[in-house]
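A.B. asks: sharing a sequence plus its predicted fold:
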Amino acid sequence: MSLSLSARDLTVRSGARVLLSLERLDLPAGSLTGIRGASGAGKSTALHAMAGLLAASGSLIWGETDLARLSQPARTRFRGQHMGMIFQDFLLFEEMTARENALVSAAFRPDRAALAARADALMQRLGIAALADRRAELLSGGERQRVAVARALAHDPAILLADEPTASLDRAAADALIADLAALARDEGRTVVIVSHDAHVWAAMDRVLTLDDGHLCGDSHG
Ligand SMILES: Nc1ncnc2c1ncn2[C@@H]1O[C@H](COP(=O)(O)OP(=O)(O)OP(=O)(O)O)[C@@H](O)[C@H]1O
């Protein structure tokens, strides 16, 4: 399944300060979008708002569902079903193995066995199959990043949101990860949004949005 995003007047505030104000944002289903901007421009805030993780006003319509109108538990369910996220610091469970981490999002699903097979296939494709039984705390930065990608995609989400997925990787590892992410997204029609400072990431996207002080100030198509 593919899902489009349509946001109108999506605004996040902290007290009197407006952290994010997206008047109008439409992302077609299956598109790959980069978000760039200076440090503090509101990129992570935008990504978290798109995930419905922040209190925001306005509308946030993924497919036909306005997340802004859902209760917290319903939003959590929507995310569990349709979204994969890669956070800036990966948030792996250190004591758990790579495979266990990859299966976190699948833990409570009835189709767990199928998802376990999918997680194994993803780890194979990402070149970390041999590390499946190693605890996360023993993995390198690049390996952790790949586990985070496998975890974000194991439940086959229609939407993938990633915050600086190539940060802390060397150039070769970053390029390999970008290629894998783009292919894994395009093969299955996922709608992808990636926050990044990395021009190589932007080059792999259909479109790159620029944020400045919480506002969209640039929109370039690849
Ligand atoms: N929970 C919060 N409460 C108040 N202000 C916040 C909160 N989270 C972020 N901010 C502020 O909002 C602005 C945007 O932060 P955000 O993390 O979205 O920027 P960013 O573009 O992702 O930056 P970086 O590239 O450094 O990660 C910053 O001024 C930050 O200090």
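C.D. replies: Received the coordinates, thanks.

A.B. asks: number of nearby residues for the closest residue to M96 other than its chain neighbours?
C.D. replies: Excluding the flanking residues, the one nearest M96 by C-beta to C-beta, 6 or more residues apart in numbering is A136, at 6.1 Å. (C-beta placed from N, C-alpha, C; glycine too.) A count of nearby residues for A136, using other C-beta atoms under 10 Å, gives 20.

A.B. asks: isn't A136 right up against V147?
C.D. replies: Yes - in this structure, A136 is within contact of V147 by C-beta atoms under 8 Å, at 6.6 Å.

A.B. asks: how about the residue nearest to M96, what does it touch?
C.D. replies: Contacts of A136 were listed using C-beta atoms under 8 Å, 6 or more residues apart in numbering, and they are L92, F93, E94, E95, M96, T97, A98, N101, R144, V147.

A.B. asks: would you mind measuring from it to the ligand?
C.D. replies: 23 Å (C-beta to the nearest ligand atom, to the nearest Å).

A.B. asks: kindly report the same for R13.
C.D. replies: From R13 to the ligand the distance is 9 Å (C-beta to the nearest ligand atom).

A.B. asks: now do the same contact list for that residue.
C.D. replies: L19, S57.

A.B. asks: ranges for the strands of the protein?
C.D. replies: 5-14, 17-27, 32-36, 57-62, 65-66, 83-86, 159-163, 191-195, 207-212, 215-221 (DSSP state E).

A.B. asks: the second one close to the ligand?
C.D. replies: Right, the one you point to is strand 17-27. Yes - using C-beta under 6 Å from any ligand atom, strand 17-27 reaches the ligand at L19.

A.B. asks: now that strand: buried residues?
C.D. replies: L19, L20, S21, L22, L25, L27 (16 or more other C-beta atoms under 10 Å).

A.B. asks: what would these look like in JSON lines with pLDDT and distance to L60?
C.D. replies: JSON lines is the format used below for the buried residues of strand 17-27 (pLDDT from 0 to 100; distance: C-beta to C-beta, whole Å):
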{"residue": "L19", "pLDDT": "96", "distance to L60": "15"}
{"residue": "L20", "pLDDT": "97", "distance to L60": "12"}
{"residue": "S21", "pLDDT": "97", "distance to L60": "13"}
{"residue": "L22", "pLDDT": "96", "distance to L60": "9"}
{"residue": "L25", "pLDDT": "96", "distance to L60": "9"}
{"residue": "L27", "pLDDT": "96", "distance to L60": "11"}
